[in-house]
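*Asks:* Structure of the sequence below:
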Amino acid sequence: MPGDGSFENWKLRREYEANPSAPPKEPEKWLDYHVGVDIGQKHDYTALAVTECRPNYAGDKFYFVRYLHRFRLGLPFGTTVQKLVSLDRQLRASGGSRSVSITWACDATGIGSPVVEMIQKALDFYKENIKRNLEKRARKEDEE
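*Replies:* Numbers count the residues shown, from 1 in each chain. Now for the predicted structure:
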């Protein structure tokens, strides 16, 4: 079922039946992805989720899970970073003539900032573009 368009076609039919006077939907001019990464420690898995955000006629946003992945235990952080860079390139190429927006979120509370900094450097992002929960953890520790 994934990728065959059946869900998207059903959704479009449903929207048309709910609002037949609405103009026909044009193809999206951009793709909006959200990528979440949870960096695992030595005995924890690193997990990855990719969602695509699409608005409907009313402007409501729907999130579709496009990809889930659990990296094998013991995978070196450098290899994980290379795989994330490859994923970023694939997502950007998936847009074809459409613009692609990718929001990255990385939870690295268990291992600290070195791996997040490796990811930032590899993806050529500014520090603000990868959201970290380290600040939350620091605030929580200060409160305790």
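
*Asks:* Without its sequence neighbours, what residue ends up closest to residue 37?
*Replies:* Excluding its sequence neighbours, the residue lying closest to residue 37 (C-beta to C-beta, 6 or more residues apart in numbering) is residue 106, at 4.8 Å. For glycine as for every other residue, the C-beta is placed from the backbone atoms N, C-alpha and C.

*Asks:* Show me what that neighbour is bridged to.
*Replies:* residue 37, residue 132 (DSSP bridges).

*Asks:* Would you agree it is in contact with residue 116?
*Replies:* Yes. Judged on C-beta atoms under 8 Å, residue 106 makes contact with residue 116 at a distance of 5.3 Å.

*Asks:* Of those two, which one has the most company?
*Replies:* residue 116 (23 against 20; other C-beta atoms under 10 Å).

*Asks:* Once you drop chain neighbours, what's closest to residue 53?
*Replies:* Nearest one to residue 53, counting by C-beta to C-beta, 6+ apart, is residue 32 at 4.3 Å.

*Asks:* Surely residue 96 is within a helix?
*Replies:* No. Going by DSSP: H, G, I helix; E, B strand; the rest coil, the assignment for residue 96 is coil, not a helix.
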